[in-house]
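>>> how would this look folded up:
(chains A and B)
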Protein chains: 2
Amino acid sequence: MNQNTIDRLGEIVGKDQVSTVAEELACYSYDGTGREYPPGAVVFPSSTAEICRIMELASATPFPVVPRGAGTGMSGGALPVNGGVVMVMSRLNRILEIDRANQIAVVEPGVITGDLRKEAAQHGLFYPPDPASLQFCTMGGNVAECAGGPSAVKYGVTRDYVLGLEAVLPDGSIIHTGVRTAKGVVGYDLTRLLVGSEGTLAIITKITVKLLPAPETRTTLLVLCRSMGEATSLVAAILAHHTPCTLEYMDRTALAIVREQLPFPCPEEAEALLLIELDGRADTVPLATRQLSEFLQSQPGIIQSRTAESAAEARQLWAARRAISPAAFSLKPHKMSEDVVVPRSRLPELVSCTEALSRELGVVIFTFGHAGDGNIHVNIMLDRNVPQEVRQANTAKQLLFEEVLRLGGTLSGEHGIGLTKAPYLSMELDQPTLTLMRQIKKLFDPQDILNPGKIFPLQEAGEKNI
Amino acid sequence: MNQNTIDRLGEIVGKDQVSTVAEELACYSYDGTGREYPPGAVVFPSSTAEICRIMELASATPFPVVPRGAGTGMSGGALPVNGGVVMVMSRLNRILEIDRANQIAVVEPGVITGDLRKEAAQHGLFYPPDPASLQFCTMGGNVAECAGGPSAVKYGVTRDYVLGLEAVLPDGSIIHTGVRTAKGVVGYDLTRLLVGSEGTLAIITKITVKLLPAPETRTTLLVLCRSMGEATSLVAAILAHHTPCTLEYMDRTALAIVREQLPFPCPEEAEALLLIELDGRADTVPLATRQLSEFLQSQPGIIQSRTAESAAEARQLWAARRAISPAAFSLKPHKMSEDVVVPRSRLPELVSCTEALSRELGVVIFTFGHAGDGNIHVNIMLDRNVPQEVRQANTAKQLLFEEVLRLGGTLSGEHGIGLTKAPYLSMELDQPTLTLMRQIKKLFDPQDILNPGKIFPLQEAGEKNI
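Sure, this is the predicted structure:
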């Protein structure tokens, strides 16, 4: 970036809040995908007003602006693939309001999701969305990607909690969308249009979310199954009569990776595990837990089902669940993590497909994730330095996506399209729908300065990113 | 409309499915607002393909197209204010699918909401949104307006159930939005952009909704309060610890209108009534009901709180609640019904404002509605043939809206903007936000042929519709 632009950015945010030092740029050049694209500069605004002025400058120059929360995204949303400025939201990190009587919170985008959850808990309230990275990721990033998490099976995703937004458009003007009430139908739903728009339409500067009364208690059940088919078949059966707040699945490989970390011995013949939680009122959860437990005992294919006997045991189970993703690198140095979704009754077909792909292509594939809402993380392991492995992994990904769509599913449940899935977008969206989305992008951002290269595949390119 | 256009419409849908007969046009010239605007023609398509051809013709000619469900809307959404064709969706009335295992339904827009609820119940499932008109209104209309209802306090509104849509754009192309899974973040959220867009962006031709397991049981509680302030203050207190599926409010006047229909004597000193329902599992609802009942007994200002002793008594209470709106015409021949929303802790201020307006302006105003989500129907009664009453009613409406916005509320919770609130839109939305909405309208519908005159105030007009 030229020095004049850097100087003008410095005038807006203060000289010490803009940097072009290589070491600092390196810190903001990667995200959860493990890829790297160094920006031309990194800037740390402290207010909506500064963001407006940055966007006015970006429009006038023009240069790309890539908003960034904590960089935990799994689809490349925070990567400055076309250079330009990475706008780090870490200084807009205030919880502006917790309104206990009306059960809402107003936060700046740089607030860490886990911090909002803690603060809400102080008021007897609860912000449900719980992406795996919740101790690091930010609310702005969660809104931009419409983050989910294990609790989505009962509580829904980020979209279901965002009531209203303040956002800055590429030309520097400020819009206010939505409401701070439970209901509101005044004009078009720009709030939900921005949720999940991956930083391509506007910079989110303030977020009003709905909170719930905090559940009083929580129980954890663990189910070991003889086969992946039997485990995944259980999912729809459980949800027909029970309302767990999480219903997670691990296949044989995931189980093997974390076997040592489980708080009890896991029999060798266990091919799959379900981790189920119930939450709610202290006077009803024990009853619901007993009923679910009895139901599970009546089901085929279960080796063992047990209720965690202490909070410590439950924590250990969750630690094991969260360890899967990082521990997977013991298998291969690189991972393609695809958060596909299928209607939950089709889960057995999905896992049978991944088994077949693994066998036929000689690729290590394992699956785990949010079985309750059909959102399974399919992990294709590879060494990116071995061209043959890259080819086979790409083939597996392509065939997986085809099967997911054949089963009535979708290519991404919570990670977004970003960079990594952009080349596959037209597999799911038909031409008129895709054209309309491109037109919306163009309407908001005619110069393509906001997070360019995301969501939409480059129209020229035949090549696929992996 | 000229005969050539009528002939071409006849070629598309069949001669007997298009009409210009005055008697028939009259049937499709009004809606729930009581206003009348006769269309140039009325057309009854039977398929998405026919709708595409109609829109191609409408774009080429051009002429306005106003999609219509059952015409129960309260803001003029189905009124052909600029003439053109009313497109009645009554022949697209099939429930295409109830997928029990995945708890979703796929319906055509002409399906009556109550029919979907009945069909879902056959499968042990539940479609929660319950607008007062649910025995007549259609799913297409509900989606277009983002309809709510009493159950929204627990279950949310139409927006929260729509997973995906098929829709026809003004140029006749078909788009497919969203998913049939619980999660999905592929591209922009066109689904929620269309929900609540009041027929101004696209014609909805197919709707995929989420269903829930049907609650096993339901109890009804009734609370009579000494004052409106005490009744409305109770609302936030109840919701801090309880999860009712409805929490309705009636003020003194509403109570007077339906007093005779209540299943028990109502003491004269009762100034307000709360109607509360709990639903859920048969083994937990009785306990929750007892707890709520005990809580209520500890609260100030309550004359009487009782649990309906039979399904018949509960039904009678609901019949009284539903009778308010039609019975109100015993007060005055005309009614402005404003479905404003405030944060629920501000409800006492809202009712105190309506009391003051009534007193100061000499206008009959009464309030009832969905107190649980702060969505109160403020009814301003008048005789439209008396200019002084019209003036006073308009003043009351304007001052009410100012107070609602001051309290952090919104002008419409579930009825939409349509025709009746369009002149007030800029009170709530700032200029950049409104401009962006207008640009979105223009992007979808450059010739302004889809439901023109709705949502956006005519830019020229200084005059306000009432």
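>>> so who does A:G73 touch?
Going by C-beta atoms under 8 Å, 6 or more residues apart in numbering or on different chains, A:G73 touches A:D31, A:G32, A:T33, A:G141, A:E145, A:H415, A:G416, A:G418. In this view, the C-beta of every residue, glycine as well, is placed from N, C-alpha and C.
>>> please name the nearest non-neighbouring residue to the third one.
On the basis of C-beta to C-beta, 6 or more residues apart in numbering or on different chains, the spatially nearest residue to A:T33 that is not a chain neighbour turns out to be A:G76, at 4.9 Å.
>>> repeat that for the fourth one.
Spatial nearest neighbour of A:G141, excluding adjacent residues (C-beta to C-beta, 6+ apart): A:G69 at 3.0 Å.
>>> quick one: the one you found from A:C137, how far?
6 Å (C-beta to C-beta, to the nearest Å).
>>> who's more crowded, the two?
Neighbours per residue (other C-beta atoms under 10 Å in any protein chain shown) separate A:G69 from A:C137, with A:G69 holding more: 30 against 22.
>>> I'd like the distance between A:Y37 and chain B.
Distance of A:Y37 to chain B, computed by C-beta to the nearest C-beta, to the nearest Å: 22 Å.
>>> same check on A:M89?
Look at A:M89 and chain B: by C-beta to the nearest C-beta, they are 20 Å apart.
>>> with A:G148 instead?
Computed as C-beta to the nearest C-beta, the A:G148 to chain B distance reads 6 Å.
>>> got it, and A:E145?
Distance, A:E145 to chain B, by C-beta to the nearest C-beta: 7 Å.
>>> now check stretch A:179-190, is it near chain B?
Yes. Stretch A:179-190 comes into contact with chain B (C-beta under 8 Å from any C-beta of the partner chain), by way of A:V179, A:R180, A:T181, A:A182, A:K183, A:G184, A:V185, A:V186, A:G187, A:Y188, A:D189, A:L190.
>>> which of these fall in helices?
A:L190 (DSSP state H).
>>> identify the residues contacting the residue nearest to A:G141.
A:G69 sits next to A:A78, A:M89, A:P109, A:G110, A:C137, A:T138, A:M139, A:G140, A:G141, A:N142, A:A144 when contact means C-beta under 8 Å, 6+ apart.
>>> just A:I12 next, same as before
With contact taken as C-beta under 8 Å, 6+ apart, A:I12 is in contact with A:P45, A:E50, A:R53, A:I54, A:L57.
>>> farthest pair in these?
A:P45 and A:L57 (11.6 Å; C-beta to C-beta).
>>> tell me which of the contacts of A:I12 is nearest to chain B?
A:R53 (15.5 Å; C-beta to the nearest C-beta).
>>> can you tell me the element that closest one falls in?
Counting by DSSP states H and E, the element that carries A:R53 is helix A:48-60.
>>> run the contact check for that helix versus chain B.
No. Counting by C-beta under 8 Å from any C-beta, chain B has no neighbours in helix A:48-60; the shortest distance is 10.8 Å.
>>> what is the subsequent helix or strand relative to that helix?
strand A:65-68.
>>> verify the stated contact: A:Y37 with A:S29.
Yes. Counting by C-beta atoms under 8 Å, A:S29 is a contact partner of A:Y37 at 5.7 Å.
>>> shared neighbours, the two?
A:L79, A:P80.
>>> can you give me the helices in the stretch 251-400 of chain A?
A:252-258, A:285-297, A:311-327, A:347-361, A:387-406 (DSSP state H, counting those that start in this stretch).
>>> now the ones you listed as CSV including mean pLDDT, mean neighbour count and distance to A:L278?
Formatted as CSV, the entries for these read as follows, by pLDDT from 0 to 100; neighbours: other C-beta atoms under 10 Å in any protein chain shown; distance: least, C-beta to C-beta, whole Å:
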stretch, mean pLDDT, mean neighbour count, distance to A:L278
helix A:252-258, 90, 20, 22
helix A:285-297, 94, 16, 5
helix A:311-327, 88, 17, 11
helix A:347-361, 96, 19, 20
helix A:387-406, 97, 18, 29
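>>> to chain B, which of those helices lies closest?
Distance to chain B, taken as C-beta to the nearest C-beta, is lowest for helix A:285-297 among the helices of the stretch 251-400 of chain A, at 6.2 Å.
>>> quick one: classify A:A26 as helix, strand or coil.
Recorded secondary structure, A:A26: helix (DSSP: H, G, I helix; E, B strand; the rest coil).
>>> which residues sit in contact with the spatially closest residue to it that is not a sequence neighbour?
Closest residue in space to A:A26, ignoring its immediate chain neighbours: A:P38 at 6.6 Å, by C-beta to C-beta, 6+ apart. With contact set as C-beta under 8 Å, 6+ apart, A:P38 has these partners: A:A22, A:L25, A:A26, A:S29, A:P80, A:G83.
>>> count of residues packed around A:L190?
Using other C-beta under 10 Å: A:L190 sits among 24 other residues.
>>> what does A:G84 give?
23.
>>> what does the pLDDT read for the residue of the stretch 201-350 of chain A found nearest chain B?
Nearest residue of the stretch 201-350 of chain A to chain B (C-beta to the nearest C-beta) works out as A:S345 at 3.7 Å. Per-residue confidence (pLDDT) for A:S345: 94.
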